[in-house]
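Asker: sequence plus predicted model, see below.
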2 protein chains.
Amino acid sequence: MTSLDDRVRPTVTTGPIQGSHKVYVDGPDGVRIPMRRVELTNGEHLDLYDTSGPYTDDTAVVDVQSGLSKLRESWVAERQPVNGAVTQLAYAKAGIITKEMAFCAAREGVDPEFVRSEVAIGRAVIPVNRKHPESEPAIIGKKFLVKINANMGNSAVSSSIEEEVDKMVWAARWGADTIMDLSTGKRIHETREWILRNSPVPIGTVPMYQALEKVGGDPTKLNWEIYRDTVIEQCEQGVDYMTVHAGVLLRYVPLTAKRVTGIVSRGGSIMAAWCLAHHTESFLYTHFEELCDILREYDVTFSLGDGLRPGSIADANDAAQFAELRTLGELTHIARAKDVQVMIEGPGHVPMHKIVENVRLEEELCGEAPFYTLGPLATDIAPAYDHITSAIGAAQIAWAGTAMLCYVTPKEHLGLPNRDDVKVGVITYKIAAHSADLAKGHPKAQERDDALSKARFEFRWTDQFNLSLDPDTARSFHDETLPAEPAKTAHFCSMCGPKFCSMRITQDVRKYAEEHNLSSVDAIEAGMAEMSAEFQAHGKQVYLPVVEG
Amino acid sequence: MTSLDDRVRPTVTTGPIQGSHKVYVDGPDGVRIPMRRVELTNGEHLDLYDTSGPYTDDTAVVDVQSGLSKLRESWVAERQPVNGAVTQLAYAKAGIITKEMAFCAAREGVDPEFVRSEVAIGRAVIPVNRKHPESEPAIIGKKFLVKINANMGNSAVSSSIEEEVDKMVWAARWGADTIMDLSTGKRIHETREWILRNSPVPIGTVPMYQALEKVGGDPTKLNWEIYRDTVIEQCEQGVDYMTVHAGVLLRYVPLTAKRVTGIVSRGGSIMAAWCLAHHTESFLYTHFEELCDILREYDVTFSLGDGLRPGSIADANDAAQFAELRTLGELTHIARAKDVQVMIEGPGHVPMHKIVENVRLEEELCGEAPFYTLGPLATDIAPAYDHITSAIGAAQIAWAGTAMLCYVTPKEHLGLPNRDDVKVGVITYKIAAHSADLAKGHPKAQERDDALSKARFEFRWTDQFNLSLDPDTARSFHDETLPAEPAKTAHFCSMCGPKFCSMRITQDVRKYAEEHNLSSVDAIEAGMAEMSAEFQAHGKQVYLPVVEG
C-alpha cells in the first residue's frame, strides 16, 4: 500500500451534525452499526442511517495522515475462498452470509438471509474491495434504501489533493453512500490513495482516465496492456467499484452521428475515438473476460458505463443508447458467471415521459442488475440549477427501480464543484432518494417524515431543525427573521405571523376531537353540537390577541 | 381607484435580462405580444414567452408612482355584456373571441378559436378583472403551457410595501405568470393597491385575510357581511382571482382530528374555527351564489381553496381532503352556470405514488377546471430545501394535468421569503413547469432545450448562458473557475479540462459521420474502413496537446 505523502496536509470537518450524536447498534454476527441519533425535546429519539464514518464521532481520534482504522481487515482475513472466489456474490451463491451482508442487513433493518438472496441473484451488490478494509459496507439494490453517489476529483485546470480529501469527508458527512474519484489532472494515484485510506464509504473510479494520462492524453495510443495494468494498480489500492465503458462498440459509434450532443461520456468518447482510429473492436469488450478475472480477485464491482448515454433531451432513448444497453446486458451475464458483482450505469438527460422505459429495459436486458443513474435531467435549459432539473428525474427513476443515484451539483456543465456545491448536490439527492423510498413504500422511510411533521405541528422548532437533512441551514433560515431564543418555542414563524398560524388555530380543533374520539361520521354528527358549545365557551381563549413583534 | 401614497418609494429592477431584449410580435385582432428575444452568436435567435412587462423594455418609461399604462382599458370599454355578463367565460360561451383570448392565443402560438373553446367548457381560465387593465392576459389550462404563481405579501412580523412591490416586479422578471398578494400584516389595502397598479401579471388574493384583520384577528367575529364587503373592495381594486375556502364544511372538520398536521391552510383553519364556534355551516358555502354574482360583475376568477389540504406525507389523500374536493366540484358547477371562471387549488404534501390520483379525482369531480397546486412536496424532511422537495412533486403533477403551479421557496415552513428566495422559487418552478411541458409533448417546448444543447455542444458558451433560465448565475458559476474571456469560446470547461472534454472529442466523430451520411447500419458497415483510415490520418490533430491552466 502506498504510504501517504506527509507534505499533503488536508483539513477535514469533524464533530457531530447539529442535534445528533453517533451511536453504535449491535447487529447480527457481532457487527456494530453506526447510526446518527437525534434526541428530541419530547424525550423520544430517532436513529438515522449514517454514512459519515468516525468523523462525526466525538470519541474517535481522526488522523488523516495515517488513515481510518481497518474495520473489515479481520473479516476479510478469516474468510476462505469459495469456488476459487472471494466475492460477496460467490459467498452469497454458496449460501454463506458474510459479515458485510450482516452489516448491511442491520443497517437496512432487514433479515441477513434476505440480503444474501438478493446478492446471490445479482439484484443487489455490496461493493467491498478486500484491499479497502476501512469502508463500512453498504448494499445497493432496488429492494433496499435508494443510495446516492457523490463525484469528486480534480481536473487539469482545478483543485488539489487537500481539497478533494476535504470534499470526500464533507460529502460522506451529509449522506453520500459512495464516492467516485474522477480525477483527471495531476497526481491521480496519490489523490486516490488519500481518499481511499480516509473514506468510510465505498470508492468508485473510471480507470480509463488514469490510463489516458499514461499515454499523454492521446486515446489512439491506448491499448489493453496499459489499461489492464492501471486496473490492477487501482484494485491493489482498494477501489471498490470501477466504471468500464465496455459497451461502446465500433458499430455503435456512427449511431451517434446525428445526435444533438453526440457522445457526452468522457470514457465513451475516448473509446469511440480509439475504435474508429484503429477500426478495431473495443479492447474493453474483447478482453472483458480477463477483466472479470482481475476484478474477481479483489471483489471489485463492475459499474458498466453507459458511454453512449444521451446528453440532451433530443437524444434520449435513441438507437445508440439502447444498442449499448443490450451489450451491457450481455456483459452482465458473463461477469456474473464469473462471480463478479455488476451495476449498470444509466442516463443522463431524459424527459419525464421517457424515464420509466429506461428502467424496464435495463431490468429486462441486464437481469435486474442494480441500475445506477446520473439524474436524469428532465430538461436542458437550467444550467446552474441542474441539481434541481436532475433531482426531478432522479426521484422518478429511483421510484421506478433505480438502486443508486449519481448526484449532480449546481456546477454541472459549468465547472468543477466546490465544497458548497458538493453539499447542495448531496442534500438534493438525499431528497430525491428519500422521496423514492416513500413512493416505494419502504417500511421505515416515513418514520422521519412523521417525526419531523409532528415536531412542526407541535412547534418544537429545534426538533424540526435537527430532524431535517440540513439542520444548520434550516435553523439559520428561521433565525434570519426570528433570531430570538423564545421564537424556538413560539407558536408561529415570520411566514404567517401569530394570528394567521393555521397549525396554532387547528391544534385546539384536533385536541378536542381526539378527546371526544370523533373518528366516524356518526360520531361526528353526534358530537358536533357538544363540540360547538364547548368551542363557544373557550373560543375566546383560542384566539387571544397576541403581542406582535 | 385609490391613489398611490407618495410617501412610499419602491425601487424596482428594470432593464433587459442578460443576452436578450424585448420585442413585440403582432398577433390577431391588433394585439401586440411582448416576447423576450435571445440573439445567438450564430446569427439565429429564439423568442421566449415573457411575463416581465415593461420593466425589461429599454424603450419604456417606468414610473411606479403612477403605475403601468392601461393596455386593456379600451378592450374592456368597447365591449358589451352578453347575457348580462362581462366575463371571458360568458363571451366564450357566446362564441365571441375577445382581445384577451386573441392575446393568449398569440402568446401560446395556438389558434384563437381553440382558446375560446377551452375557456367555454371551463377547462381553461383567463383571470382578468376589468378593473385591472394594466395586466397582460395569460391563459391557465392543461392544454396550454404550464403556468407558475409566486406568493408574496407581508406578515405581522415582517416586510414593507416597498419590499413587496420590488418582489412583485422581480418575480415577474424571472417568469412568474401570476402573483398572489397574501399580506396579513399592516396596510393590506395599500400594499395591494401598489402591487395592482404596477403588476403586468394577474394578481390573486385571499380576501379572508383582510376580513380577519377587520375583526381584530378573531375568526369567531367574522360574518358574511364583513367578508362580502371585503370581496367587493378587492374586486373594485382590480384583483384578478380570489382564493375562497368555501369547501370547508362543518361536518368535515372532525375528519382532520386524527391528522399528523391537522389543518395547514390559513383560510381553512379560520373557517373551521368559525364553523365550530357557531355550529353553523360556513357562510362562504351558504352565500356562494351571492359571491358568484359579485365576481361575475368584474370577471374575477374563483380559485376554490383546498382548506383541508394535507400538510404532511402522513395526511395525503385522506378523507378530509377528498371530502372537500367533492364539495369544490359542486361549487364549480354553480359558478360556471353563472358564467364565473373557476380554478381548483390542490395540495400540499403528497408522496409521489399518490400524486396522480389527485389530478384524476379533481378532473372527474370538478369538470376539468384548471388545477392549481402548491407543489406538492414529495417529502417532509428537508426544510430549507422545500423548493426542491416540491419541484419534484410539481413536475409530476403538472405532467399529469395541473395547469398552474404555486411556487415554494427555500424559506417555506421557516419564514417569509426575501428577494433572493423569490428568485430561486420562481426559477425552480420554471424548471418544473418546463419539464412538464416537455413530458406533455407541447409542440414548441423543446425548441429551447435543443437550442441550448446545440450551443453547449458547439461551445457557444455565451449562447448557453443566455438561453438558460438564469443567465446571470450560469455565467457567474462558469467564471468562478475560468473567468478569462477566451474561455467563452474554449472547447472545454474546468469540470473535465481540455483533454477530457467528451464533446470536444466527439465533434469530429459526428462531423465525419454526417459528411458521409452514415445513418443506416449498411452505410455504417460500408463506411467504417474509410472512416477509420481518415481518423488515423488526422487523429493526431484532434488530440493536440492543449496548454492548460
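Answerer: Here it is on my side, so go on.

Asker: use CA for all of it now, contacts and neighbours both
Answerer: OK.

Asker: what segments of the stretch 401-549 of chain A are strands?
Answerer: Assigned by DSSP state E, counting those that start in this stretch, the strands in the stretch 401-549 of chain A fall at A:404-406.

Asker: in it, where is pLDDT below threshold?
Answerer: For the stretch 401-549 of chain A, residues meeting the criterion pLDDT under 70 lie at A:495-500, A:508-549.

Asker: helices along that one, start to end?
Answerer: A:419-439, A:445-457, A:461-467, A:471-481, A:502-515, A:521-542 (DSSP state H, counting those that start in this stretch).

Asker: for the shortest one, packing partners?
Answerer: Spelled out, it's helix A:461-467. Packing partners of helix A:461-467 (3 or more Cα pairs under 8 Å, 6 or more residues apart in numbering or on different chains; DSSP states H and E): helix A:445-457, helix A:471-481.

Asker: so can I have JSON lines of the ones you listed showing mean neighbour count?
Answerer: As requested, those are exported to JSON lines (neighbours: other Cα atoms under 10 Å in any protein chain shown):
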{"stretch": "helix A:445-457", "mean neighbour count": "21"}
{"stretch": "helix A:471-481", "mean neighbour count": "19"}
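
Asker: what's the neighbour count on the nearest residue to residue A:141 once chain neighbours are set aside?
Answerer: Using Cα to Cα, 6 or more residues apart in numbering or on different chains and skipping residues adjacent in sequence, the residue nearest residue A:141 is residue A:124, 4.0 Å away. By other Cα atoms under 10 Å in any protein chain shown, 27 other residues sit near residue A:124.

Asker: returning to what we had before: can I get the helices and strands packed on helix A:461-467 in TSV with distance to residue A:266?
Answerer: Putting the helices and strands packed on helix A:461-467 into TSV (distance: least, Cα to Cα, whole Å) gives the following:
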stretch	distance to residue A:266
helix A:445-457	36
helix A:471-481	35
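
Asker: check the gap between the residue nearest the centre of chain A and residue B:212 for me.
Answerer: The residue lying closest to the centre of chain A (Cα atoms, centre = their mean) is residue A:148, at 1.0 Å. For residue A:148, the distance to residue B:212 equals 47 Å [Cα to Cα, to the nearest Å].

Asker: repeat for residue A:288
Answerer: Residue A:288 is 73 Å from residue B:212, by Cα to Cα.

Asker: what do you get for residue A:93?
Answerer: From residue A:93 to residue B:212 the distance is 69 Å (Cα to Cα).

Asker: could you do residue A:264 as well?
Answerer: Between residue A:264 and residue B:212 the computed distance is 57 Å (Cα to Cα).

Asker: right, and the residue nearest to the centre of chain A touches residue A:172 too?
Answerer: No: taking Cα atoms under 8 Å as the definition, residue A:148 is not a contact partner of residue A:172, at 10.3 Å.

Asker: what do these two both touch?
Answerer: Common neighbours of residue A:148 and residue A:172, using Cα atoms under 8 Å, 6 or more residues apart in numbering or on different chains, are residue A:178.

Asker: which residues does residue A:148 contact?
Answerer: Counting by Cα under 8 Å, 6+ apart, residue A:148 touches A:175, A:176, A:177, A:178, A:404, A:405, A:406, A:407, A:426, A:429, A:430, A:433.

Asker: most neighbours among the residues you listed, which one is it?
Answerer: Busiest of the contacts of residue A:148 [other Cα under 10 Å] is residue A:429, holding 33 neighbours.

Asker: state the distance from the nearest residue to that residue once chain neighbours are set aside to residue B:370.
Answerer: Leaving aside its sequence neighbours, residue A:429 sits nearest to residue A:407 (Cα to Cα, 6+ apart; 5.9 Å). Separation of residue A:407 from residue B:370 (Cα to Cα): 35 Å.

Asker: which residues in the stretch 1-150 of chain A form strands?
Answerer: Using DSSP E, counting those that start in this stretch, strands in the stretch 1-150 of chain A cover A:20-26, A:32-39, A:45-49, A:124-125, A:140-141, A:147-152.

Asker: the longest one vs chain B: in contact?
Answerer: It stands for strand A:32-39. No: figure legend: strand A:32-39 not in contact with chain B (Cα under 8 Å from any Cα of the partner chain); closest approach 13.4 Å.
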